[in-house]
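A.B. asks: Attaching a predicted model along with its sequence, questions to come.
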Amino acid sequence: MKKTKITIFTILIIILLTIALVGCTDNKDEIEGKATIVGIEAKLVADTKFKVDSNFDISKIEVTAHLSDKTSRKIDTMAAVSVNNNVKFKLDTSDNKFKPNESGIYMLDSQMKFTTEGVFVLTASYNGFETKFDLTVYAK
């Protein structure tokens, strides 16, 4: 009788531990049948044109998450794109685009206005996913 109680108690402990461990997994979305992010994409909103001396407007950047169920959803741009005026860019002559480089020029001045015309390569990141996109600044 005592042996049976110990066996039942052991089985109950194993079941409770299994339930607790399954509840603590990192892939809850997959267990619950929810789609997970498989990639992101960033682009400028249609008809957006930035010019030298114009203000940078982060709302003109659109970030989309692509999900495992083949759907997509918009992401809050503020959560995915960080642009500030202390990042320097240098012209890469292989593709004629400005890319982040400590010895380059500033894209934005202290008032967040564009200083130079050209194509700047920016990066958006969200939940461990990253994508690059072009931001063109035109002459005045």
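C.D. replies: Thanks, I have the structure now. Keep in mind the model is a prediction, meaning the values are calculated, not measured.
A.B. asks: got the contact list for the residue lying closest to residue 44 once chain neighbours are set aside?
C.D. replies: Nearest residue to residue 44, sequence neighbours excluded (Cβ to Cβ, 6 or more residues apart in numbering): residue 60, at 5.8 Å. For every residue, glycine as well, the C-beta is placed using N, CA and C. Residue 60 makes contact with 44-45, 48, 50, according to Cβ atoms under 8 Å, 6 or more residues apart in numbering.
A.B. asks: Distance to residue 92 and secondary structure added to those residues, as JSON lines?
C.D. replies: Listed next are the contacts of residue 60 as JSON lines, based on distance: Cβ to Cβ, whole Å; DSSP: H, G, I helix; E, B strand; the rest coil:
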{"residue": "44", "distance to residue 92": "20", "secondary structure": "strand"}
{"residue": "45", "distance to residue 92": "25", "secondary structure": "coil"}
{"residue": "48", "distance to residue 92": "23", "secondary structure": "coil"}
{"residue": "50", "distance to residue 92": "19", "secondary structure": "strand"}
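A.B. asks: which one of these is nearest residue 129?
C.D. replies: Nearest to residue 129 among the contacts of residue 60: residue 44, at 19.0 Å, using Cβ to Cβ.
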